[in-house]
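Asker: Let's see this in three dimensions:
(one chain, ligands or ions: 1)
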Amino acid sequence: MRIRVVNPNTTASMTRSIGAAASAVAGVGTVVEAVNPTMGPASIESHYEEALAVPGLLEQIALGEQDGVDAYVVACFGDPGLDAVRELASGPVIGIAEAGFHAAAMLGRRFGVVTTLARTTGRAHELAERYGFAPLVTEIRACEVPVLELDDPASGARDLVTAECRAVIAGGADAVVLGCAGMADFCAEVSRAIGAPVVDGVAAATVLAESLVRLGLTTGKRGEYAAPPSKAMSGLLAPFERAARVDA
Ligand code: 2AL
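Answerer: This is a model prediction of the structure:
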């Protein structure tokens with residue numbers, strides 16, 4: 001089975017750590033292919049960047065369809081472009097916020113989220129609403145470390161994320177969801193430090209995608225998520241006319 005894990009930002013070092021987190025939990029016989037777009041923002045922590053990340057993400061999905069990939073993970077906590085990816089892909093598609101929330105909901109009564117910048121908490125709340133988990137969310141806290149500084153020891157990110165996760169548990173949550181793909185590599189360490197379950201959405205999404213393929217299940221393609229209609233596209237987006245036709 002081949003699972004393509006797409007980091008929707010263009011930072012290759014982050015794609016490598018996302019790939020490592022996904023590979024660490026993938027089953028025997030599952031190949032994790034971690035990729036990132038060739039165009040778009042270096043990191044995603046605003047609505048503007050999220051919107052501009054989507055064309056490059058969709059380009060990677062179109063390539064994955066040509067390559068016969070079995071399932072996809074969208075590895076950014078805003079779950080950018082998730083509906084559009086479901087239209088393009090024939091196999092199942094899981095977003096890391098979606099996966100993180102689902103996993104955390106099975107670990108206790110309520111859970112909280114620790115994300116990067118406070119400006120990203122609105123999107124996390126919106127996704128919790130959308131997926132039906134809002135009643136279970138105790139709070140969404142920010143550590144105020146930008147995405148690309150998460151792996152810089154000088155940023156103190158691990159300690160800051162650990163402190164925010166501890167505060168989430170002190171506030172009455174049973175589990176914590178990490179709100180950025182760039183936090184994947186220290187998830188286990190944070191969990192050990194606070195003595196409570198901490199969910200990395202990259203790992204959760206990888207095993208959920210794998211499970212859906214094993215169950216022989218994929219996105220319903222008879223209605224809303226049918227392949228997009230063939231349509232003229234102009235300017236910089238002209239190549240996407242072809243991308244949408246791949247699955248038509
Ligand atoms: C993210 C993420 O997961 N990847 C990225 O570039 N930005 N999320 C976040 N909350 O900042």
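
Asker: C-alpha from now on. contacts and neighbour counts both.
Answerer: OK.

Asker: Please work out which residues outside stretch 125-137 touch it.
Answerer: 78, 97, 98, 101, 105, 109, 110, 111, 112, 113, 140, 173 (C-alpha atoms under 8 Å, 6 or more residues apart in numbering).

Asker: try stretch 39-47
Answerer: 9-11, 49-50, 52-53, 55-56, 76, 117, 119-120, 146-148.

Asker: May I see the ChimeraX selection of the buried members of those?
Answerer: Remark: buried members of the contacts of stretch 39-47, expressed as a ChimeraX selection using 16 or more other C-alpha atoms under 10 Å:
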select :9,10,11,49,50,52,53,55,56,76,117,120,146,147,148
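
Asker: and which of the contacts of stretch 39-47 is nearest to the ligand?
Answerer: residue 76 (3.4 Å; C-alpha to the nearest ligand atom).

Asker: so what's the closest one closest to, chain neighbours aside?
Answerer: residue 181 (5.6 Å; C-alpha to C-alpha, 6 or more residues apart in numbering).

Asker: what ranges of the chain fall below the confidence cut-off?
Answerer: Confidence mapping of the chain against pLDDT under 70 gives the ranges 242-248.

Asker: and the strand or helix carrying residue 55, is it in reach of the ligand?
Answerer: For residue 55, the element it lies in under DSSP states H and E is helix 47-67. No. Legend: contact between helix 47-67 and the ligand by C-alpha under 6 Å from any ligand atom is lacking; minimum distance shown is 8.3 Å.

Asker: What residues sit buried inside that helix?
Answerer: In helix 47-67, counting by 16+ other C-alpha under 10 Å, buried: 49-50, 52-62, 64-65.

Asker: How far off centre is that helix?
Answerer: Helix 47-67 has its C-alpha centroid displaced from the chain centroid by 13 Å (C-alpha atoms, centre = their mean, to the nearest Å).

Asker: What of stretch 63-76?
Answerer: With C-alpha atoms, centre = their mean, you get 13 Å for stretch 63-76.

Asker: likewise stretch 228-239?
Answerer: 26 Å.

Asker: Show me which positions of it end up buried.
Answerer: For stretch 228-239, by 16+ other C-alpha under 10 Å, it's residue 228.

Asker: Now do that stretch: distance from first to last residue.
Answerer: 15 Å (C-alpha to C-alpha, to the nearest Å).

Asker: any idea where the strands of this structure begin and end?
Answerer: Under the criterion DSSP state E, the chain contains strands at 2-6, 31-35, 71-74, 93-95, 111-115, 137-142, 175-178, 198-200.

Asker: elements contacting the last one?
Answerer: If I follow you right, that is strand 198-200. Contacts defined by 3 or more C-alpha pairs under 8 Å, 6 or more residues apart in numbering; DSSP states H and E place strand 198-200 against helix 96-105, strand 175-178, helix 187-194.
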